[in-house]
Each structure stands twice: as C-alpha cells, then as structure tokens.
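Fold the following.
(one chain, ligands or ions: 3)
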Amino acid sequence: MSGIKTLGQFIIEKQADFSYAKGELSRLLRDIGIASKIVNREVNKAGLVDILGDAGTTNIQGEGQKKLDVYANEQFISALTSGGECCIVATEEEDDFVRIDSPVSQNAKYIVCIDPLDGSSNIDVNVAVGTIFSIYRRKSIEGKATLADVLQKGTEQVAAGYVIYGSSTMLVYTTGKGVNGFTLDPSIGEFCLSHPDMKVPEDGTIYSINEGNYVHFPEGVKKYLKYAQVEDLATKRPYTSRYIGSMVADIHRNLIKGGIYMYPTTSASPNGKLRLLYECNPMAFIIEQAGGTASDGLNRILDIVPTELHQRTSIFIGSPKMVKMAEILMEEYSPVKPLGDIDTVQVV
Ligand SMILES: O=P(O)(O)OC[C@H]1O[C@](O)(COP(=O)(O)O)[C@@H](O)[C@@H]1O
Ligand SMILES: [Mg+2]
Ligand SMILES: [Mg+2]
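Ligands and ions are numbered 1, 2, ... in the order given. Have a look, this model is predicted:
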C-alpha cells in the first residue's frame, strides 16, 4: 500500500496552501467524503436493497423523486449536520434551503449547495450516477446565515466537486488550485489519489447533448450539430456523439478525453434544464480549474448572478476550443441576452 495518498491526507497537505486555514474546510470536505461512501455502499448493491424505484414524492422542480434521491439527500444533510462546519445546505431535493441548527454549526461559516444524486433517470438501470457539490463562505458573520449567503456568484465558490458512482467510484474536487481525482479503494474504504492535476484537453472530438430535443434547440445549437457532423478529416470531424444522461458522467468523460457537454434552452425548458447553484456552478468551477470553459452560450456561467435557489441555466461546457465554436454559432444564430437580463432567453 506504499505510495498511496488518501483524500484526508491530501486535504490536510493542501491546507498549507491557505495561510488563514483553520481546518474547517478540510473537515467539511471530509464530511462530504464520508456521506459519499455511505451513498456508494447503497448504489453498489441497489438491486439487493429497497433503494431502486420511485419514492412517490415530487420535488419543487415538479420532478418525481427517486428513493435514492431521497436517501442520498438525507445522508449528506446528516453528515454535514454532525460534522459541524456547515450552517446552510441548499439541495435539489428540498424546496427551501436547510438551516443546520446543531449547536456546533451555529458559528459554522460554510454554505453547501448540493445535487445529492445526479442522473436520477439512470438509477434503476445501473448506469453511472453522481453527486455534485459547491461550497461558499457565508458573507455575513453576524446572526444567522440567510438566502443572500446562498445566492452568491459561482466566482465566489471556495470549493466544488463531484462524486461519480460508476465502474469505480471517484471523487473529483477543486479549491481553486487545480483539480484532483481520487478513486475509492473498497479494500481500505478510502478515496486514494489516482488522477492528480487533471487537465481537460484543449480540443476534442466528442459532443454530448440529448439530440432527442433537436427540434426544440436554438438555431445556434442546430448549426453546431451540423458543424460537428460534417466530414472534415483535417479537423477530425465528424465528431462522436456520446450521451449518458448523467451530467456528472458525461462531463467526467469529457474532462479526461476532451469534449463538449451541452444542455441548451429548449421549448420545454426555456431557461435550460440544469440548475445553476448545485449543477452548473460547481461543474463550471472544476472545468475552468482544469483549463476548460463553461458558458450559457454567451455569458460565463460563474459570472451569472443567482436570483433563485433552483434557478436554471443553459450550459455549454468542456474543451475550450469546442465551447468557443458553439458560442460563435450561438452568437451568430441565437443571440442570448447579455448578463443583467438573464431571466428570459430570447431565441430568434
Ligand atoms: O433526460 P435529459 O433531458 O437528457 O436530462 C438529463 C440530464 O438531467 C439530469 O439528470 C438532471 O440531474 P438530476 O438527475 O440530478 O435531476 C442530468 O444529470 C442529465 O445530464
Ligand atoms: Mg443533477
Ligand atoms: Mg439530482
């Protein structure tokens, strides 16, 4: 076992990068690691325990909740509560933000925004799913933290990460100093450093989008798909289409191999489908830290000012050269309103 570095050891080692660090963020990341292992245990034996299928409840987004959505949500809230470093959790599965009122958390300075289980449509069919998290420092230090402490721009994130429950289970995260990936070694129950200093290739040949929505796509996206599907060997086109239907898994693949993931506006989702606070901001922070880019077609995701807890946005994310091409075609064919006028996207 010589030479392995566990997540816990790595976090403590990196703490030295932050002169003011007192270990709170390290402990918070530890708590997320613990809850991820518990969720992983259930995901791995999902068919054998009563965790598949619908929970029979609906979340504020009008989506039917899966049993594993609810279970994962409970595990992360309970780990963050007993850990004591988090004062508010904003989660996909709760209508309003959850104030952590345990005695130890009163003075906690961190806010966690989380998608406890990403890729819910893949849970019952044994396809990779994930967890996505984003961490902010509360702005106000007096009194109780409020919604204003949650609705911060993505540029204010102090850390972000995801867990992918796939053929192996990995935790990938950033604290603004690069991106590192850890693989869970079940024999020792530890996340071990397996992918140090991850970098997204500048260009790629993989595009990920639900083409089933083609007729509802903005013209700019239709043009990009035509561009991707044209024969031009010099630019390695036609590109390959890959779509798992779990944002974490599609972006993880593109982070390693190069590629672009797109979930644009559609007539069904005029503001996009994916949520800014706990899906797009954390993935954008990670991909940018790995040398990639992320926008809504025009505006940098991390610069979008959140106005609502479950706010949605369109997203184009991945290899910078591919995102740039998509943005050029969006700008030309489907001008998106610049920042400051975000709430309605106009498609001409
Ligand atoms: O089925 P669609 O419309 O392609 O949407 C798939 C996308 O929706 C999501 O499942 C939304 O996330 P949740 O499963 O956390 O709600 C993404 O993971 C995925 O990329
Ligand atoms: Mg999700
Ligand atoms: Mg989810």
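
rest of the way, CA atoms for contacts and neighbours
Noted.

next helix or strand past the helix ranked longest in the chain?
The helix of greatest length in the chain, counted in residues with DSSP state H as the criterion, is given as helix 24-44. Using DSSP states H and E, the next helix or strand after helix 24-44 towards the C-terminus is strand 54-58.

who does that following strand pair up with?
Each strand that pairs with strand 54-58, with its direction, by DSSP bridges: strand 64-66 (antiparallel).

ok, the strand it pairs with near ligand 1 or not?
No: counting by C-alpha under 6 Å from any ligand atom, no contacts exist between strand 64-66 and ligand 1, the nearest distance being 8.8 Å.

Tell me which helix or strand comes right after that strand.
helix 67-83.

how far does that next one sit from the chain's center?
The chain centroid and the centroid of helix 67-83 are separated by 17 Å, computed with C-alpha atoms, centre = their mean, to the nearest Å.

returning to that earlier point: list the neighbours of the longest helix of the chain that are in contact with it.
8, 11-12, 15, 49, 51, 71-72, 75-76, 79-80, 83, 85-86, 110, 131, 163, 165, 169, 171, 189 (C-alpha atoms under 8 Å, 6 or more residues apart in numbering).

now do stretch 306-315
Contacts with stretch 306-315, where a contact means C-alpha under 8 Å, 6+ apart, come from 61, 90, 92, 96-97, 150-153, 261-265, 271-277, 280, 294-297, 301.

Identify each buried residue in the longest helix of the chain, please.
Neighbour counts over helix 24-44 (16 or more other C-alpha atoms under 10 Å) mark 24-37, 39-40, 42-44 as buried.

Could you list the domains of this structure?
According to automatic domain parsing, the chain comprises the domains 7-195, 206-341.

could the ones you listed go into JSON lines alongside mean pLDDT?
Formatted as JSON lines, the entries for those read as follows, by pLDDT from 0 to 100:
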{"stretch": "domain 7-195", "mean pLDDT": "93"}
{"stretch": "domain 206-341", "mean pLDDT": "94"}
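
and those domains, which is most packed in?
Among the domains of the chain, ranked by average contacts under mean count of other C-alpha atoms under 10 Å, first place goes to domain 206-341 (a mean of 20).

does any bit of it sit next to ligand 3?
No: under the criterion of C-alpha under 5 Å from the ion, ligand 3 is not reached by domain 206-341; the shortest gap measures 8.6 Å.

right, is that domain up against ligand 1?
Yes: between domain 206-341 and ligand 1, judged by C-alpha under 6 Å from any ligand atom, the touching residues are Asn210, Gly245, Ser246, Met247.

With only the CA atoms kept, save the longest helix of the chain in CSV.
The C-alpha trace of helix 24-44 is given here as CSV (Å, rounded to 0.1, in the frame of the first residue of the first chain):
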residue,chain,number,x,y,z
GLU,A,24,-12.9,23.9,8.8
LEU,A,25,-13.0,23.4,5.0
SER,A,26,-10.9,20.3,5.4
ARG,A,27,-13.3,18.8,7.8
LEU,A,28,-16.3,19.8,5.6
LEU,A,29,-14.7,18.0,2.6
ARG,A,30,-14.1,15.1,5.0
ASP,A,31,-17.8,15.0,5.8
ILE,A,32,-18.8,15.0,2.2
GLY,A,33,-16.4,12.2,1.6
ILE,A,34,-18.0,10.2,4.4
ALA,A,35,-21.5,10.7,3.1
SER,A,36,-20.3,9.7,-0.4
LYS,A,37,-19.1,6.4,0.8
ILE,A,38,-22.4,5.7,2.5
VAL,A,39,-24.3,6.5,-0.7
ASN,A,40,-21.8,4.5,-2.7
ARG,A,41,-22.5,1.4,-0.5
GLU,A,42,-26.2,1.6,-1.4
VAL,A,43,-25.6,2.4,-5.0
ASN,A,44,-23.3,-0.7,-5.4
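
by how many degrees do it and helix 67-83 diverge?
Using axes from the mean of the first three to the mean of the last three C-alpha atoms, to 10 degrees, the interaxial angle of helix 24-44 with respect to helix 67-83 works out to 150 degrees.

starting at the chain centroid, how far to helix 24-44?
16 Å.

What distance do you get for the closest residue to Ile4 other than its chain neighbours to ligand 3?
On the basis of C-alpha to C-alpha, 6 or more residues apart in numbering, the spatially nearest residue to Ile4 that is not a chain neighbour turns out to be Cys192, at 6.3 Å. Taking C-alpha to the ion, to the nearest Å as the measure, Cys192 falls 25 Å from ligand 3.

Look up phi and psi at the residue in the stretch 201-348 of the chain that ligand 3 sits nearest to.
Proximity to ligand 3, evaluated over the stretch 201-348 of the chain using C-alpha to the ion, is greatest for Glu279 at 8.6 Å. Main-chain torsions, Glu279, degrees, to the nearest 10: phi -130, psi -60.

That one: what's it in contact with?
By C-alpha under 8 Å, 6+ apart, Glu279 lies in contact with Ile114, Asp115, Ile132, Phe133.

ok, which of those residues also contact ligand 3?
Taking C-alpha under 5 Å from the ion, the overlap between the contacts of Glu279 and the neighbourhood of ligand 3 is Asp115.

Let me have the contacts of Glu279 in CSV, extended by distance to ligand 1 and secondary structure.
Converted to CSV, the contacts of Glu279 look like this (distance: C-alpha to the nearest ligand atom, whole Å; DSSP: H, G, I helix; E, B strand; the rest coil):
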residue, distance to ligand 1, secondary structure
Ile114, 10, strand
Asp115, 6, strand
Ile132, 9, strand
Phe133, 11, strand
